[in-house]
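**Student:** below is the structure, and that's it, no one-letter string:
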C-alpha cells in the first residue's frame, strides 16, 4: 500500500500534479489549418465515467497507474469518438502503445496551447520562449527525471498526417480571460486563493479525522524517495482526479472548459468533413467535461473503456535533491522548512 500516513499534499505538489494532466504548452511551431460546423441532440449520461485509476496486485499493492480510452457512439449512425486520456509524462512503452492506437483513426485531434494549426516537430524539442507557459514545461521536466518517466511531446509521433491541432493559442487564451474581465494577475491571484482555500478545507477535514497534515518539510523528505512520491501522486490523481474540484473554478475554466470548447468546434468540423472514427488525445483532466459535451453537443453515449498502464508504480527515478542547480535550490528549501 501507499505508505504515507499524512493527508493533503501541499500546494506545490498539487500544482505539479495539475500540470501533468492539463496543459501541454508549447508555442512557436509550424502551422496547418482547420474548417465548418453541425447540430446536436442531448442524451443523458447517468454516471460520470472514470478516466484514470490505480491497478493493484492481489495483496492490494499499487503496481500501475492507468489511463483510459473511452468510446462514444450515437444510437444510430456510424460515427465513433474515442476520448484518449493522457498524462504528459509516462512510461516509454505507454507512448508506444498510444502511437499504435492512433493509426486506427481517420483523424486524431490533439491538445497544445500554441498558434492554430501547430504541428509538433519530431522529438518534441524546442527552445524556451520566455513565455509564462514555460513554467509548466519546466515542472514537467523535473517530474520526469524524478519519477523515471518520459515526455509525451518527445515520444508521441505528432508528424502523423491525420493529426489535427485542436486547442487555443496563447493569444486566444488571453482573449478568453479578457472577456471575463481577467488578466494573468487576476487569474493568478484568484487561483492561488482557491488553492489555499481548498488546502484549508482539507487540513480541517484531516484534523477532524485525526490525520496529520503534510507539510512542505514532509514533501522535501519525500523528494528523497521518488518511488513513494510517484505512488502518492498516482493516489492523488485517483482519489481527487485533479479534475474540476482539484483545479478550482478559475483554472478549470481557463485550462479545461475554454480549451475543450475550442476542441469541440474542430471535432464538429471533422464530422461534417466525413470523418467516421475520431480520437481526441487530451490530458485526463479534460475528459469529464468532454464526456458531457459528447452527450449534450453530439448526442453520443458511452460505449466502452479500455485501460492502459501509464506509470509503473514499482520503480522511479533519481531524487532531485542530489546535485545540480535544482538540487541545491531544493536542499535550501528543505533546510528553510525545518
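**Tutor:** Nice, thanks for sending it over. These numbers were taken from a predicted model, which means no experiment stands behind them.

**Student:** low-confidence stretches in this structure?
**Tutor:** 1-47, 124-142, 195-196, 198-199, 202-203, 205-223, 240-247, 320-338 (pLDDT under 70).

**Student:** got the residue ranges for the strands in it?
**Tutor:** 52-56, 62-73, 80-86, 89-90, 107-110, 150-151, 163-165, 277-283, 301-312 (DSSP state E).

**Student:** output the ones you listed as a markdown table; include the columns distance to residue 262.
**Tutor:** Quick note: C-beta positions are derived from backbone N, CA and C, even for glycine. Output for the strands of the chain, formatted as a markdown table (distance: least, C-beta to C-beta, whole Å):
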| stretch | distance to residue 262 |
| --- | --- |
| strand 52-56 | 23 |
| strand 62-73 | 19 |
| strand 80-86 | 16 |
| strand 89-90 | 24 |
| strand 107-110 | 10 |
| strand 150-151 | 24 |
| strand 163-165 | 10 |
| strand 277-283 | 11 |
| strand 301-312 | 23 |
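
**Student:** out of those strands, which is the most enclosed?
**Tutor:** Greatest average neighbour count among those goes to strand 89-90 (a mean of 27), per mean count of other C-beta atoms under 10 Å.

**Student:** so what strands line up beside that strand?
**Tutor:** Sheet partners assigned to strand 89-90 using DSSP bridges are listed as strand 150-151 (antiparallel).

**Student:** show me the contacts for the nearest residue to residue 109 once chain neighbours are set aside.
**Tutor:** The shortest distance from residue 109 to any non-neighbouring residue, by C-beta to C-beta, 6 or more residues apart in numbering, is to residue 166 (3.7 Å). By C-beta atoms under 8 Å, 6 or more residues apart in numbering, residue 166 lies in contact with 34, 109, 110, 111, 262, 263, 266, 267, 280.

**Student:** hey, what's the nearest residue to the third one once chain neighbours are set aside bridged with?
**Tutor:** When you say that, I think you mean residue 110. Among residues not flanking residue 110 along the chain, residue 281 sits closest, at 4.7 Å (C-beta to C-beta, 6+ apart). Note on residue 281: beta-bridge partners by DSSP bridges are residue 84, residue 110.

**Student:** before we move on, the earlier item: nearest to residue 51, of the contacts of residue 166?
**Tutor:** The closest of the contacts of residue 166 to residue 51 turns out to be residue 280 (C-beta to C-beta; 11.8 Å).
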